[in-house]
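Participant: 3D, please:
(2 chains)
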Amino acid sequence: MDADGFDTLVAAHHREIYRYLLRATFRASEADDLAQETFLRAYRAHRALPPDANGRAWLFAIASNVAKNHFRAESRRRRAHAAVLETRSETDGAGPEGETLFKETRAMLDTVVAGLPFKQRLAFTLRKVHDLDYDAIGRSLDCSPDSARAHVFQALRKIRRSLNGYELPLGRDER
Amino acid sequence: MTRKPSVCQEIEPALVATAIGDADSATATRVEAHTRACARCRENLVRYGAIERAVGVWRGAPAPAEELARERLTSRLADLRRRTLLYRIFPSPLGPILIARSEEGVSCIEYLTGGSDFAHSRLSRDESIEALQDGAEVEGLYRDLLEYVEGRRTRLEWPLDLRLARSPFHRAVLQATAAVPYGAVTSYAGIAGEIGAPRAVRAVAQALRHNPVPIIVPCHRIIGTSGDLIGYAGNRVGLKERLLAVEGVPTERGARAPRVARRVLYHYDRNDERQYCLPTCGSIARRPIGRVTLLASRELAQTLGLVPCTDCRPDLHPISR
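Facilitator: Numbering: from 1, shown residues only, chains lettered A, B, ... in the order given. So this is what the prediction gives:
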């Protein structure tokens, strides 16, 4: 891939990589740092990327590695979990105004997702927010596609169990 | 008292798969049959669906400080790109050679001494740059260099990036040196005169000692005013001799060092009209090389737009070697 190809990659994917890392770290400043780290690493390595490679999945894999290294210190992970409780609004987008209940349940969802084991949380975010397939998630998390699927499944099951008792807004046909 | 599990455990993976749209049709049918009979699982399926929708909101939501993050990245990437050099180390008839380029052009050619790995390169000690090993970008230049060293190519038309020059003065010296053509030889004093600093002869020699792109900026064509080959790649005058030989500039043994064989080279005094002479013409062969440029061939003289001297007529009496 040449320099122009790399510019295209940045333009196309910086936004979602930043959001992914925001989900991983819960702090805009850390997501900013880690997104920079991701793209600087990508710049150093992009020439070796085959022309037909999936650049998007490749960037998510780098971002996942950067996040993994960042959280290697257990204390950081604990601090991040605490941060989500304090600064939930950082990851909480505008959302539909006035829907207090909906906002609360989404905030609850944030908290529950923040409490998931790291790999499950990343697998869940990659699958549910960024629509990566299980092959790409496996490459991101250094595991098989089946393990990636299992991480997403475990994450969902834990979320569902944690949210029992909290009413998530139901679809119209389910009321 | 034991709590009853909230969902039938064997169906739960299928339930989740159905809720998030990962299920094949057989699984979906199995879930449908099960949830018709089991109220608790039916309820859980609805909950999974609700989680799915709540997460869906995350997808479209704007993230805070996104634009700022992008701006910061742009600035750091620009800095990294400016500092990045792609290099590779090749074997060559002149010993291991490192070639590096930036996005602007060739920025470093280095004869490695003491070993052929990157630790022996000056780039490994320069903290202002980020050197990345990458063959493809410099492979073409390497091929051209090999042809050049073997005498099968006379031009190396690669864009240059003189960022590793140590000062604007050094850069000016390198640019003046780059203008000395293939098969021509002039002196440090000559280059000093060219850049309007005739007294800065030693400084010119220093600048060429630190030439970051030898061969392409042909510092081997710059010699002492006496004709001695002094200084090249540290003390590798033999390399200088070899490169000059490739260009048709013969050398001979001198008192202190090898020297160019003036008696078989055409002479051109830049103070004269645009004439080139035989070395036997008047006192020209005894003049210092400061003003005089030596030329390997008549063809080169013609290429430079010079005319044969009307006294010695080098066109009628070409030098025989």
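
Participant: could you show me where the helices are in the chain, in order?
Facilitator: Answering for chain A, as no chain was given. Secondary structure of chain A by DSSP state H: the helices cover A:3-25, A:28-45, A:55-70, A:74-86, A:100-114, A:118-128, A:134-141, A:145-163.

Participant: Chain B is the one I meant
Facilitator: So, for chain B - with DSSP H - the helices run B:12-19, B:25-37, B:39-60, B:66-83, B:136-149, B:168-178, B:188-194, B:201-209, B:237-246, B:298-303.

Participant: residue contacts, B:Pro308?
Facilitator: Going by CB atoms under 8 Å, 6 or more residues apart in numbering or on different chains, B:Pro308 touches B:Gln275, B:Tyr276, B:Ala301, B:Pro314, B:Asp315, B:Leu316. In short, each C-beta sits where N, CA and C put it, glycine included.

Participant: switch to 10 Å and redo it
Facilitator: Contacts for B:Pro308 (CB atoms under 10 Å, 6 or more residues apart in numbering or on different chains) come out as B:266, B:275-278, B:298, B:301-302, B:314-318.

Participant: and these, which are buried?
Facilitator: In these, burial by neighbour count holds for B:Tyr266, B:Gln275, B:Tyr276, B:Cys277, B:Leu278, B:Arg298, B:Ala301, B:Pro314, counting by 16 or more other CB atoms under 10 Å in any protein chain shown.

Participant: Output stretch B:21-36 as CSV, restricted to C-alpha atoms.
Facilitator: Extracted in CSV, the C-alpha atoms of stretch B:21-36 (Å, rounded to 0.1, in the frame of the first residue of the first chain):
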residue,chain,number,x,y,z
GLY,B,21,-29.4,-12.5,13.9
ASP,B,22,-26.6,-15.1,13.8
ALA,B,23,-28.9,-18.2,13.7
ASP,B,24,-29.4,-20.4,10.7
SER,B,25,-32.9,-21.4,9.8
ALA,B,26,-32.8,-24.7,11.6
THR,B,27,-31.8,-23.0,14.9
ALA,B,28,-34.4,-20.3,14.4
THR,B,29,-37.1,-23.0,14.0
ARG,B,30,-35.9,-24.8,17.1
VAL,B,31,-36.0,-21.5,19.1
GLU,B,32,-39.4,-20.7,17.8
ALA,B,33,-40.8,-24.1,18.8
HIS,B,34,-39.2,-23.8,22.3
THR,B,35,-40.3,-20.3,23.0
ARG,B,36,-43.9,-21.2,22.1
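
Participant: which residues touch that stretch?
Facilitator: By CB under 10 Å, 6+ apart, the residues outside stretch B:21-36 that reach it are A:127, A:134, A:149, A:152-153, B:8, B:10-19, B:41-46, B:49, B:52.

Participant: Got a quick PyMOL command for the buried subset of the residues you listed?
Facilitator: Buried residues among the contacts of stretch B:21-36 (16+ other CB under 10 Å), as a PyMOL selection:
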select buried, (chain A and resi 127+134+149+152+153) or (chain B and resi 11+12+13+14+15+16+17+18+19+41+44+45+49+52)
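
Participant: right, and the helices of chain A - which one's nearest B:Gly140?
Facilitator: helix A:3-25 (16.5 Å; CB to CB).

Participant: Contact partners for whatever residue of the stretch 101-250 of chain B ends up closest to chain A?
Facilitator: Closest contact between the stretch 101-250 of chain B and chain A, by CB to the nearest CB, is at B:Asp134 (5.4 Å). Neighbouring residues of B:Asp134 by CB under 10 Å, 6+ apart: A:Arg44, A:Ala45, A:Arg47, A:Ala48, B:Thr84, B:Leu85, B:Leu86, B:Tyr87, B:Arg88, B:Ala100, B:Arg101.

Participant: and if we set it to 6 Å?
Facilitator: A:Arg47, B:Leu86 (CB atoms under 6 Å, 6 or more residues apart in numbering or on different chains).

Participant: now swap in A:Leu40 and tell me
Facilitator: B:Leu80.

Participant: and what of B:Phe118?
Facilitator: Per CB under 6 Å, 6+ apart, neighbours of B:Phe118: B:Ser124.

Participant: Can you tell me the closest non-neighbouring residue to B:Ala205?
Facilitator: Excluding its sequence neighbours, the residue lying closest to B:Ala205 (CB to CB, 6 or more residues apart in numbering or on different chains) is B:Tyr188, at 4.8 Å.

Participant: That neighbour: how many residues sit nearby?
Facilitator: Counted with other CB atoms under 10 Å in any protein chain shown, the neighbours of B:Tyr188 add up to 27.

Participant: Pull the most distant pair out of the buried ones among the contacts of B:Pro308.
Facilitator: Spanning the widest gap among the buried ones among the contacts of B:Pro308 are B:Gln275 and B:Arg298, at 12.5 Å by CB to CB.

Participant: Grab the nearest non-local neighbour of residue 55.
Facilitator: If you meant another chain, say so; for now it's chain A. Once flanking residues are discounted, A:Gly55 sits nearest to A:Leu9: 5.0 Å by CB to CB, 6+ apart.

Participant: Chain B, not that one
Facilitator: Spatial nearest neighbour of B:Val55, excluding adjacent residues (CB to CB, 6+ apart): A:Lys128 at 4.7 Å.

Participant: B:Gly56 is in contact with the one you found, correct?
Facilitator: No - using CB atoms under 6 Å as the test, A:Lys128 is too far from B:Gly56 to be in contact (8.0 Å).

Participant: Which one's more surrounded, these two?
Facilitator: Remark: of A:Lys128 and B:Gly56, A:Lys128 carries more neighbours, 22 against 12, as counted by other CB under 10 Å.

Participant: any idea how far B:Ala54 is from the more buried one?
Facilitator: Distance of A:Lys128 to B:Ala54, given as CB to CB, to the nearest Å: 10 Å.

Participant: likewise B:Glu139?
Facilitator: Taken as CB to CB, the span from B:Glu139 to B:Ala54 is 53 Å.

Participant: Comparing those two, which residue is more hemmed in?
Facilitator: Between B:Glu139 and B:Ala54, B:Ala54 has the larger neighbour count (other CB under 10 Å), namely 20 against 13.

Participant: so the more buried one touches A:Asp110, yeah?
Facilitator: No - judged on CB under 6 Å, B:Ala54 makes no contact with A:Asp110 at a distance of 9.7 Å.

Participant: got the helices of chain A as JSON lines, with distance to B:Thr29 and mean pLDDT columns?
Facilitator: Listed next are these as JSON lines, based on distance: least, CB to CB, whole Å; pLDDT from 0 to 100:
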{"stretch": "helix A:3-25", "distance to B:Thr29": "34", "mean pLDDT": "90"}
{"stretch": "helix A:28-45", "distance to B:Thr29": "42", "mean pLDDT": "94"}
{"stretch": "helix A:55-70", "distance to B:Thr29": "32", "mean pLDDT": "94"}
{"stretch": "helix A:74-86", "distance to B:Thr29": "39", "mean pLDDT": "61"}
{"stretch": "helix A:100-114", "distance to B:Thr29": "30", "mean pLDDT": "75"}
{"stretch": "helix A:118-128", "distance to B:Thr29": "23", "mean pLDDT": "93"}
{"stretch": "helix A:134-141", "distance to B:Thr29": "22", "mean pLDDT": "95"}
{"stretch": "helix A:145-163", "distance to B:Thr29": "20", "mean pLDDT": "90"}
